[in-house]
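Chemist: Sequence first, then the predicted structure, then my questions.
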Amino acid sequence: MKVTIKDIDILQTLQPLQVAAYLRDRGWQQQQSIPQKAIIWRKEINPGNAVAVILPLHPDTPGFPVSMSVMLETLETIEQRSQLDILRDLLAIVPNFTPQDDRGFGVKG
């Protein structure tokens, strides 16, 4: 059974640092930063074929829940996993990231 997460309150609970940690752990790379607004993450699926997602940097950004919904749909397709499983993994992350100038996030350590 395919479940699509559309609950705004649930999507609003996702934190950009959690999502960034999740993407990085799964091989996504920061492609471009829109300073103080968003980061575009990219993953090459196979040679010459890549997909990108936009991660807003602030949960209070207008459209944040919609962006998270689109990201979950993309991750579901790429990972061949349910949105519920992906959401569970995202919510379980305790990020070990800190802001790294305008370009995005850097790993502590």
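Modeler: That came through fine.
Chemist: the bottom helix or strand of this protein by mean pLDDT?
Modeler: strand 104-107 (a mean of 44; mean pLDDT, DSSP states H and E).
Chemist: Return the residues in contact with Ile8.
Modeler: By CB atoms under 8 Å, 6 or more residues apart in numbering, the contact set of Ile8 is Pro65. (Glycine included, C-beta is placed from N, CA and C.)
Chemist: what pLDDT does it get?
Modeler: Ile8 carries a pLDDT value of 92.
Chemist: what do you get for Lys2?
Modeler: With respect to pLDDT, Lys2 has a value of 81.
Chemist: The residue most central in space within the chain: helix or strand, and which one exactly?
Modeler: In the chain, the residue lying closest to the centroid (CA atoms, centre = their mean) is Val19, at 4.0 Å. Assessed by DSSP states H and E, Val19 sits inside helix 16-25.
Chemist: next helix or strand past that helix?
Modeler: strand 29-34.
Chemist: now that next one, how far from the chain's geometric center?
Modeler: 12 Å (CA atoms, centre = their mean, to the nearest Å).
Chemist: which residue ranges form the helices in this protein?
Modeler: 8-13, 16-25, 64-79, 83-92 (DSSP state H).
Chemist: and the second one with helix 64-79, angle?
Modeler: Angle of helix 16-25 versus helix 64-79, following axes from the mean of the first three to the mean of the last three CA atoms, to 10 degrees, is 20 degrees.
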